[in-house]
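Asker: I'd like to go over a predicted model; first the sequence, then the structure.
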Amino acid sequence: MVTILSGALILLAALMLSIGGLALVYRLVPVSLLQAHYGATGAIYAALYVMFGISLGFALFLVWQQFEAARLTVDAEAAALQRIYWQAENFPDPQRSNVQELAVSYARGEVQEEWPLMGKGQISPHAEQRAQQLARAVRELSPKTTVQSELYADALGRLDVLRENRALRTTEVREGIPSVVWVVLLSGAVITVGFTYLFAMRSFKLHAVATGALTVVVVLLLFTVGVLNHAYAGDVRVGPGAFELALKEMKQ
């Protein structure tokens, strides 16, 4: 809801600025002067919007790829944790209960503690401690049979998957589009919209509609890039659903 409201306010402000600027140009610059240079202006604008479109499209593709990668990372980590829990079922107590209790504790800590911190770009030190405790508990399993030996080897592999994906997730929390790219995108948006002022029309209302439509599209695309820029923050984010599901099934 916050994302929708902020997006609407940003869009409204951008529309007011773009149409207000257009009205100022119509008041200060003679239409005949703009029409006299239409050919040269059109050639420059063609190159301009192509370059801006490519830059914006690349940024949107980049943040979407990062968002999808974050989702897959969380799914893989939760799946590995759940697999370790069920593999421990084949070992005797107290080793079995130790691994399973730590697996449940890790999942609960991710949902209740670390995910809210990740929304602020932070990582819980307690979560890393729980991951280390779980790793030690898995390594301390003592296989006695051939089946247990195979399960033990697979559990170690799943543990590596869990640690690798956790490391990726903690890195992804701090990732985002560099500031210099935002400068390029925002500057390109202002110039692209502003350049439409140089194409004079006989009807100001028609020109305002065309400029407003371009402004809406540009702002919506930039807003989408901003929303997806940080995969674990905001209303549109990668949530702890995979860990919640794993926690529910492990408790069952």
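Answerer: Alright, I've got the coordinates.

Asker: Could I get the contacting residues of residue 225?
Answerer: 56, 59, 60, 63, 177, 185 (C-beta atoms under 8 Å, 6 or more residues apart in numbering). For glycine as for every other residue, the C-beta is placed from the backbone atoms N, C-alpha and C.

Asker: Out of those residues, name the ones that lie in helices.
Answerer: Using DSSP state H, the members of the contacts of residue 225 that fall in helices are 56, 59, 60, 63, 185.

Asker: and the nearest residue in space to the fourth one that is not next to it in sequence, how many neighbours?
Answerer: So that's residue 63. Leaving aside its sequence neighbours, residue 63 sits nearest to residue 228 (C-beta to C-beta, 6 or more residues apart in numbering; 4.1 Å). By other C-beta atoms under 10 Å, the residues close to residue 228 number 23.

Asker: for the worst-scoring helix or strand of the chain on mean pLDDT, the distance to its chain's centre please.
Answerer: Every helix and strand in the chain was compared by mean pLDDT, DSSP states H and E; the lowest is helix 31-36, with a mean of 71. How far helix 31-36 lies from its chain's middle: 45 Å, per C-alpha atoms, centre = their mean, to the nearest Å.

Asker: Using CSV, write down the CA coordinates of it.
Answerer: Below are the C-alpha coordinates for helix 31-36, written out as CSV (Å, rounded to 0.1, in the frame of the first residue of the first chain):
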residue,chain,number,x,y,z
VAL,A,31,5.9,28.5,-31.9
SER,A,32,7.3,29.6,-35.3
LEU,A,33,10.8,29.4,-33.9
LEU,A,34,10.4,25.8,-32.8
GLN,A,35,8.8,24.8,-36.0
ALA,A,36,11.6,26.2,-38.1
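
Asker: who touches that helix?
Answerer: By C-beta under 8 Å, 6+ apart, helix 31-36 touches 41, 198, 199, 200, 202.

Asker: out of those residues, who's nearest residue 248?
Answerer: Among the contacts of helix 31-36, residue 199 lies closest to residue 248 (C-beta to C-beta), at 58.7 Å.

Asker: Do I have it right that the closest one meets residue 39?
Answerer: No - applying C-beta atoms under 8 Å as the test, residue 199 and residue 39 come out as separate, 11.2 Å apart.

Asker: Show me which of those two is the more surrounded one.
Answerer: Shown here are residue 199 and residue 39; by other C-beta under 10 Å, residue 199 has more neighbours (16 against 8).

Asker: Of the contacts of helix 31-36, which count as buried by neighbour count?
Answerer: When those are checked for burial by 16 or more other C-beta atoms under 10 Å, the buried set is 41, 198, 199, 200.

Asker: Inside helices: which ones of those residues?
Answerer: residue 41.

Asker: Same list, the buried ones among the contacts of helix 31-36, but as TSV with pLDDT and distance to residue 130 please.
Answerer: Shown next, in TSV, are the buried ones among the contacts of helix 31-36 (pLDDT from 0 to 100; distance: C-beta to C-beta, whole Å):
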residue	pLDDT	distance to residue 130
41	76	62
198	84	61
199	83	61
200	75	66
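
Asker: which pair in the buried ones among the contacts of helix 31-36 spans the largest distance?
Answerer: Spanning the widest gap among the buried ones among the contacts of helix 31-36 are 41 and 200, at 9.7 Å by C-beta to C-beta.

Asker: circling back: give me the buried stretch members for the least confident helix or strand of the chain, please.
Answerer: Within helix 31-36, the residues that count as buried by 16+ other C-beta under 10 Å are residue 34.
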